Every structure is written in C-alpha cells, then in structure tokens.
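[1] coords please:
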Amino acid sequence: QVQLVESGGGLVRPGGSLRLSCAASGFAFSSYTMSWYRQAPGKGREMVAAIKTASGRTTYADSVKGRFTISRDNAKNTVYLQKNRLTPEATAVYYCYAANALLGRGYWGQGTLVTVSS
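    Sure thing, here's the model as predicted:
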C-alpha cells in the first residue's frame, strides 16, 4: 500500500522557518522524482520544489528560490522541505508528490497545513 505522510506543518510567524517532512512507503522511493506542491486558500495547486532521483537535481518556483530547500534521504524514504524567511503568502496546504514518468505513476500525500501569521 502506497503511503505519503507529510508532517511538520503548523503556525509560524513571518520571517520564521519550518521544515516539512514526507515519509514514503509502498513503492521504490529512490526511483521517483519527489516534489512539494502547495495550495493556498482560494487558489490552485502549484509546484514549489522538486528533486530528481539519481542526480538529485532540484528545481524551484521563482517565488521560493533562495528561501526554500528541498532534499531527500533515500535511506529513510523521506523528502524534506526547509522553508526560511517565511511570509504570509506561504500560508497553504503543502502536499508531497511522488512521480515516475517511465512507469506513468504518481502519488499524493494528504497534505499538511502551514500558516504564517503574527
């Protein structure tokens, strides 16, 4: 059974930091590109950051470049999103997404809420 379980969300003040984790199970984690998406209230879901498999190459949305860092630990089947210098615009539900284009498979986590507010 495939599972992606996000954790680490919560309330943080503007300018603060937060680290999200996504623990995966039920599939070959190391062969999947892992991504973080977010959906703010009243808006569509957008890609925040992604990290490839073997190369570890990362991509980021322009809005988070220099402030967010995605990383993965294949030994722990976990992907992380370190978020620094948070602004209220970062308030959203953050989702973990696993994709393997060759197999045509993709899996979503249930999401974790991040609220940036003073």
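[2] for the residue nearest to residue 79 when sequence neighbours are not counted, which residues make a bridge with it?
    Excluding its sequence neighbours, the residue lying closest to residue 79 (CB to CB, 6 or more residues apart in numbering) is residue 34, at 4.1 Å. For glycine as for every other residue, the C-beta is placed from the backbone atoms N, C-alpha and C. Beta-bridge partners of residue 34, counted by DSSP bridges, are residue 51, residue 98.
[3] Please report how far residue 34 lies from residue 62.
    Taking CB to CB, to the nearest Å as the measure, residue 34 falls 20 Å from residue 62.
[4] So which of those two has more stuff around it?
    residue 34 (27 against 6; other CB atoms under 10 Å).
[5] Let me see the contact set for the more buried one.
    By CB atoms under 8 Å, 6 or more residues apart in numbering, residue 34 lies in contact with 22, 24, 50-51, 70, 72, 79, 96-99.
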